[in-house]
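Student: my questions concern the predicted model and sequence given below.
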2 protein chains.
Amino acid sequence: MVETARRRASERAQVELREQILSGALPGGAHLGEVELAERLGLSRTPVREALTRLAAEGLVELHPHRGARVTRFTEADLDDTFDVRRALEPRATERAAARATAADLDELDDLAATMLATGAPGPGQDLDALVELNRRFHARLIEIADTPALAAALAGVVHTPVVLRTFHSYDAGSLARSLAHHAEIVAALRAGDGAWAAAVMVSHIANARAVMTGDRR
Amino acid sequence: MVETARRRASERAQVELREQILSGALPGGAHLGEVELAERLGLSRTPVREALTRLAAEGLVELHPHRGARVTRFTEADLDDTFDVRRALEPRATERAAARATAADLDELDDLAATMLATGAPGPGQDLDALVELNRRFHARLIEIADTPALAAALAGVVHTPVVLRTFHSYDAGSLARSLAHHAEIVAALRAGDGAWAAAVMVSHIANARAVMTGDRR
DNA sequence: CACTCGTAAGTTGCATACATCCGAGCGAAG
DNA sequence: CTTCGCTCGGATGTATGCAACTTACGAGTG
């Protein structure tokens, strides 16, 4: 049976809204009326309101007192800043993960990396949308292994940038291959216990992504 | 007359609770019952609940479904992580601020730095508590001038660490003098338009603070 | 005596009704 | 014709009542 239906209503609303925003179904600047959302989700205003509050904390929506909520509009500059922050923080998290990863952690990351290589391989089986979710899980797991709450909190409000999360479609073949190889190499570095190596690959990984997104080769 | 009373109830609850947590009146691990808080603040549960949700997003409280809210307990390691994140991000923000600060911005920062020097000077006029607020404003203004939303979002959930915000009392005379001098030097660097200089001072500034807090001299 | 199951108390989660506030549209005055 | 002010509509903000869940305690049984 479907277990997700048993979860709390406010959480469902939050997940549902986040998905619609990240997928682009709710475009930037869209007005989010509480009653409208409540009716569409089959809930009352209370959990919808709570979901909006939390999404606002994540930076996905903006709340204007007495004037309602709007989907945050991200600019090209915001996207660039996002990569700046990630390049500053994720390599550090990766380095920490090298010292703390257990055998089970490494196996899990290996699985993810391998699955991504298979899912992203050119051909009829290629599924770029599935790749987005796998990529998200890989990076999230890495942060989790690093076990540094402050780093996780700092990255939390940044990674959600809508454009970032659904953009494997804009990768050219070479960049995509590099990106997938990076994941595998990071796991290898972690397995070797070489934090500096892992961090260096992460720097490359983010730089590669940035080049794809912004077209900036500097 | 007191204008704060005219603000929204949920906002008042949020501000009040945050203050009590940061001041230590509500110690880490304290259980926060909705009805109890509502009665103490003279409100209903609804705005209290919303305030708790927002504070949870800030990382000050932890929400356990059906089990209530608790004040987040920060460990020594968390504090250390906080400085890691700040050292990674704030210098970058400072560098950006150098390119964007207007004359008015610089004057404002100058005022803050000068006031801090006066407020922190040894003697009968020294007020370490006032210094906490001034320091918060200085750093917040700097981030604001940098005008990089992603950086601001990343730092938002990190700076609130209770211990960090009320710890000028643990500075020895030398560290305090250095800290205050750093602010002035940062403004000077900004005025010179030298982002690298400003960023370097910020690195020193954070390292100095870290040494005071953790006693770690590495 | 230890373990398990059932029940009850107290909490949070959700829904609904009421209060408050913002903004648009219309009318009158300059 | 423009501008100011008022009123009305619709939204958000708050309060309260009911439902669901979690936990703790105690009775019953192996």
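Tutor: Looks like it came in fine.
Student: isn't residue A:73 up against residue A:29?
Tutor: Yes - Residue A:73 is in contact with residue A:29 according to Cβ atoms under 8 Å; the separation is 4.9 Å. Using the backbone N, CA and C atoms, a C-beta is placed for each residue, glycine as well.
Student: burial count for the residue of chain A at minimum distance from chain B?
Tutor: Among the residues of chain A, residue A:57 lies closest to chain B, at 3.0 Å counting by Cβ to the nearest Cβ. If you count neighbours by other Cβ atoms under 10 Å in any protein chain shown, residue A:57 ends up with 22.
Student: what's the answer for the one 3 residues further on, then?
Tutor: In terms of burial, residue A:60 registers 24 neighbours under the definition other Cβ under 10 Å.
Student: same deal with residue A:66?
Tutor: Neighbours of residue A:66 using other Cβ under 10 Å come to 5.
Student: assign a three-state SS to it, would you?
Tutor: coil (DSSP: H, G, I helix; E, B strand; the rest coil).
Student: now it: how far from residue B:7?
Tutor: 12 Å (Cβ to Cβ, to the nearest Å).
Student: how about the strands in chain A?
Tutor: Along chain A, counting by DSSP state E, strands occupy A:31-32, A:61-64, A:68-71.
Student: okay if I get those as a markdown table plus distance to DNA strand C, mean pLDDT and mean neighbour count?
Tutor: Shown next, in a markdown table, are the strands of chain A (distance: least, Cβ to the nearest atom of the strand, whole Å; pLDDT from 0 to 100; neighbours: other Cβ atoms under 10 Å in any protein chain shown):
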| stretch | distance to DNA strand C | mean pLDDT | mean neighbour count |
| --- | --- | --- | --- |
| strand A:31-32 | 12 | 94 | 16 |
| strand A:61-64 | 8 | 94 | 16 |
| strand A:68-71 | 9 | 93 | 18 |
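Student: relative to residue B:158, which of the ones you listed is closest?
Tutor: Relative to residue B:158, the nearest member of those by Cβ to Cβ is strand A:61-64, separated by 21.1 Å.
Student: how does chain A divide into domains?
Tutor: In terms of domains, chain A is parsed into A:4-71, A:76-214 (source: automatic domain parsing).
Student: how about those, which one is nearest DNA strand D?
Tutor: For the domains of chain A, the distance to DNA strand D is smallest for domain A:4-71, at 3.6 Å, taking Cβ to the nearest atom of the strand.
Student: burial count for the nearest residue to residue A:108 once chain neighbours are set aside?
Tutor: Closest residue in space to residue A:108, ignoring its immediate chain neighbours: residue A:141 at 6.5 Å, by Cβ to Cβ, 6 or more residues apart in numbering or on different chains. When neighbours are counted by other Cβ under 10 Å, residue A:141 registers 16.
Student: for residue A:141, give me its contacts.
Tutor: Neighbour list for residue A:141: A:105, A:108-109, A:112 [criterion: Cβ atoms under 8 Å, 6 or more residues apart in numbering or on different chains].
Student: so what does the residue at the greatest distance from the centre of chain A have for phi and psi?
Tutor: The centre of chain A is farthest from one residue, residue A:66, which by Cα atoms, centre = their mean lies 30.9 Å away. Note on residue A:66: backbone dihedrals following degrees, to the nearest 10 are phi 70, psi 0.
Student: and the gap between it and residue B:8?
Tutor: 9 Å.
Student: then residue A:20?
Tutor: Relative to residue B:8, and taking Cβ to Cβ, residue A:20 is found at 27 Å.
Student: of those two, who's got more company?
Tutor: Per other Cβ under 10 Å, whichever of residue A:20 and residue B:8 has more neighbours is residue A:20, with 16 against 12.
Student: and that one, what is it in contact with?
Tutor: Here residue A:20 is in contact with residue A:26 (criterion: Cβ under 8 Å, 6+ apart).
Student: repeat for residue A:186
Tutor: A:94, A:109, A:113, A:142, A:198, A:201-202, A:205.
Student: kindly recompute the last result at 7 Å.
Tutor: By Cβ atoms under 7 Å, 6 or more residues apart in numbering or on different chains, the contact set of residue A:186 is A:94, A:198, A:201-202.
Student: next: residue A:28.
Tutor: Contacts of residue A:28 (Cβ under 7 Å, 6+ apart): A:71-74.
Student: coming back round to it: could you identify the buried members of the contacts of residue A:186?
Tutor: A:94, A:198, A:201-202 (16 or more other Cβ atoms under 10 Å in any protein chain shown).
Student: most widely separated two among those?
Tutor: A:94 and A:201 (7.8 Å).
Student: top helix in chain A by residue count?
Tutor: Taking DSSP state H as the criterion, chain A has its longest helix at helix A:76-100.
Student: quick one: contacts of it?
Tutor: A:142-143, A:145-148, A:151, A:154-155, A:158, A:161, A:163-164, A:186, A:189-190, A:193-196, A:198-199, A:202-203, A:206, A:209-210, A:213-214, B:84-85, B:88-89, B:92, B:148-151, B:154.
Student: which residue ranges of chain A form helices?
Tutor: So, for chain A - with DSSP H - the helices run A:9-23, A:34-41, A:45-58, A:76-100, A:103-120, A:128-146, A:149-159, A:162-165, A:173-191, A:195-214.
Student: and the angle for the first one with helix A:45-58?
Tutor: With axes from the mean of the first three to the mean of the last three Cα atoms, to 10 degrees applied, the angle from helix A:9-23 to helix A:45-58 works out at 50 degrees.
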